[in-house]
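S.K.: My questions concern the predicted model and sequence given below.
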Amino acid sequence: MNLARALLATAEREPGRTALRFGDTTVTFGELAARSARTAGLLSGLAPAGARVALVLGNEPAFVAGYLGALGAGAIAVPCNPTAPFIELRRELDTVGAAVVVTSPASEAIAVEAAGDRKVVVLTDDGPDAAPIEFVERAPADAAALLFTSGTAGPPRPAVLTHGSLLANLEQVQRHPGLALTPDDVGLGVLPCFHIFGLNVALALPLFAGGSVTLIEHFHPADTLRVVRDHDVTTIAAVPAIYDAWLALDERDAPSDAFKSVRVAVSGAAALPAGTVHAMRERFGVSVYEGYGLTEASPVVSTSAVDTRLRPGSIGPALPGVELRLVDADGADALVGDPGEIWVHGPNVFMGYWEDEDATRRVLTPDGWLRTGDIAVADDAGWLSLVDRAKDLVIVSGFNVYPAEVEDALIEHADVAEAAVIGEPHPRTGEAVVAFVVPEAGHTIDRRDLLRFAQARLARYKLPTRVEVVDELPRTFAGKLVRRALGSRARDDATTNPR
């Protein structure tokens, strides 16, 4: 097998069918297969099977040919953020021991700077002028890609995803009646391809189904929505911030029929507010379903796209072929309605972290269960609702405080647009709750008033001992909150403003 061959299977049956759209450019499956085979031929002479090939590319046809070409050559693809600082890129290349860096003219400068002595291959949209090769055979357990996780604690680690795990998740999604795509579907490739949500859901899934992907290199709300209308996009995988950006547009840029071609819209990577769900339905007639996944699961684990009902706050039941457990603090299965850590088992689970056995042992049990670190509760029907991250738990005087609960209470205040909560050391209670809040546009937050507001909604031990008003919260490209950055800010404030 080879994952690249599975993603390009349509090229053998219908080579003239559209695979990619990028601006005014259209790439057929036959053309994409030819470019990928030439890229594989070029890389096979530069990197032996199993070598790491870094992809410093944006959402463009060259990325797709580079990714499929690396897989086809038997190499391990390492998608990297082309807008990352030089130091971060260099660190990632060193971490995985990349042999070759593949880039495009748009990202060549930063790629060359980060590559150092490594060979740099610059791909144009037409692909390289090299002899094509047949894609090499790979076993399901062979590594296909290394994806740097955006965890909330510690430096990102490269997760080892195999040809088998990535393909298994595509097959699991295709067996789900609410998510399965067809050759007639047109996906929106707006999520960054260096992130697993963008790579294996927004990009790979439509290709696997024989459909097409419209690649968006830079997200601009009005321009991207115009693409949705002009290209008759049928499926959207996005993060909550993207839906909120579309909702913020006026009627001229976002008329009520803007999403008339869309039949499937999903959200992931961050909690989807109920207000966003209802606003998308009421204004545009679009049902946005929340899903749950993580890099280590390739990534999709569950979805609420089970029927036409909207259940904001729920991430639904598991996909076909994915086993789930909710495990309590004692290691037993949590009772219905009680919180427990989500454990995942199935062929979509990753092999571990690259050359990091200790970190791998912390998340993978001997019998292959993935400890996600996420806390959820389940109802009688097996539908899950996330409570919070286990590693973000704040313990105040022996009581557990889930940041999401405090954040939800703060966001109810009319002056608060966003909120994030962390714990900081406290000499008396062990830890104390600290809140960072972003005001609504044109509003001013009175800290004392906000604390009084929260006091009416939270137990005393859950109340923030300090509220910091900030312009924005630190987030990853996928929209996930980076709590470690808030922790650093809290320590800096404590140093410069001792209390």
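M.R.: Happy to help now that I have it. Numbering: from 1, shown residues only.

S.K.: And for the nearest residue to residue 439 once chain neighbours are set aside, the neighbour number?
M.R.: The shortest distance from residue 439 to any non-neighbouring residue, by C-beta to C-beta, 6 or more residues apart in numbering, is to residue 445 (4.8 Å). No exception for glycine: its C-beta is placed from N, CA and C like everyone else's. Here the number of neighbours of residue 445 (other C-beta atoms under 10 Å) works out to 17.

S.K.: Tell me, what's the model's pLDDT at residue 445?
M.R.: Predicted confidence (pLDDT) for residue 445: 95.

S.K.: Next up, the contacts around residue 138.
M.R.: Residue 138 is in contact with 1-3, 71, 74, 144, 163, counting by C-beta atoms under 8 Å, 6 or more residues apart in numbering.

S.K.: Narrow the residues you listed to those that are buried.
M.R.: 2-3, 71, 74, 144, 163 (16 or more other C-beta atoms under 10 Å).

S.K.: Residue 102: which of those is nearest?
M.R.: Nearest to residue 102 among the buried ones among the contacts of residue 138: residue 71, at 12.2 Å, using C-beta to C-beta.

S.K.: one step back: ok, the buried ones among the contacts of residue 138 vs residue 487, which is closest?
M.R.: Out of the buried ones among the contacts of residue 138, the member with the shortest distance to residue 487 (by C-beta to C-beta) is residue 144, at 33.7 Å.

S.K.: Specify the local secondary structure of the closest one.
M.R.: strand (DSSP: H, G, I helix; E, B strand; the rest coil).

S.K.: Confirm the residue nearest to residue 439 sits in a strand?
M.R.: No. Counting by three-state DSSP, residue 445 falls outside a strand, being coil.

S.K.: can you count the residues close to the closest residue in space to residue 326 that isn't next to it in sequence?
M.R.: Leaving aside its sequence neighbours, residue 326 sits nearest to residue 340 (C-beta to C-beta, 6+ apart; 3.2 Å). Using other C-beta under 10 Å, residue 340 has 22 other residues around it.

S.K.: List phi and psi for residue 340.
M.R.: Main-chain dihedrals, residue 340, degrees, to the nearest 10: phi -160, psi 160.

S.K.: I'd guessed it sits against residue 375; true?
M.R.: Yes. The pair residue 340 / residue 375 is scored as a contact, 6.9 Å apart, by C-beta atoms under 8 Å.

S.K.: which residues does residue 449 contact?
M.R.: No residues are in contact with residue 449 under the rule C-beta under 8 Å, 6+ apart.

S.K.: and it, what helix or strand is that in?
M.R.: Remark: residue 449 resides in helix 447-455, with elements defined by DSSP states H and E.

S.K.: Report the buried residues of that helix.
M.R.: Within helix 447-455, the residues that count as buried by 16+ other C-beta under 10 Å are 450-451, 453-454.

S.K.: And stretch 338-347, by the same measure?
M.R.: 339-347.

S.K.: what's in contact with that stretch?
M.R.: Applying C-beta under 8 Å, 6+ apart, the set of residues contacting stretch 338-347 is 140, 164-165, 168, 172, 292, 297, 301, 321-328, 333-334, 365, 368-377, 384, 387, 390, 402.

S.K.: Restricted to helices, list those residues.
M.R.: Among the contacts of stretch 338-347, DSSP state H puts 164-165, 168, 172 in helices.

S.K.: I'd like these written out as a markdown table, with pLDDT and distance to residue 287 added.
M.R.: Formatted as a markdown table, the ones in helices among the contacts of stretch 338-347 follow (pLDDT from 0 to 100; distance: C-beta to C-beta, whole Å):
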| residue | pLDDT | distance to residue 287 |
| --- | --- | --- |
| 164 | 98 | 32 |
| 165 | 98 | 29 |
| 168 | 98 | 27 |
| 172 | 98 | 21 |
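
S.K.: Pick out whichever of those sits closest to residue 64.
M.R.: Distances from residue 64 to the ones in helices among the contacts of stretch 338-347, taken by C-beta to C-beta, are shortest for residue 165, at 19.9 Å.

S.K.: Could you double-check that the closest one sits in contact with residue 296?
M.R.: No. When contacts are counted by C-beta under 8 Å, residue 165 is not listed as touching residue 296 (9.2 Å).

S.K.: okay, and the common contacts of those two?
M.R.: 349-350.

S.K.: So for the two, which sits in the more crowded spot?
M.R.: residue 296 (30 against 26).

S.K.: what separates whichever strand or helix holds residue 6 from the chain centre, distance-wise?
M.R.: Element membership for residue 6, per DSSP H and E: helix 3-7. Chain-centre distance of helix 3-7: 21 Å, with C-alpha atoms, centre = their mean, to the nearest Å.

S.K.: After that helix, which helix or strand is next?
M.R.: Per DSSP H and E, the first helix or strand lying C-terminal to helix 3-7 is helix 10-13.

S.K.: Give me the contact list for stretch 362-382.
M.R.: With C-beta under 8 Å, 6+ apart, stretch 362-382 has contacts from 292, 294, 296-297, 315, 317-318, 325-327, 334, 336-345, 349-350, 352-353, 384-391, 393, 402.

S.K.: Buried subset of these, written for ChimeraX?
M.R.: Per 16+ other C-beta under 10 Å, the buried members of the contacts of stretch 362-382 correspond to this ChimeraX selection:
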select :292,294,296,297,315,317,318,325,326,327,334,339,340,341,342,343,344,345,349,350,352,353,384,385,386,387,388,389,390,393,402
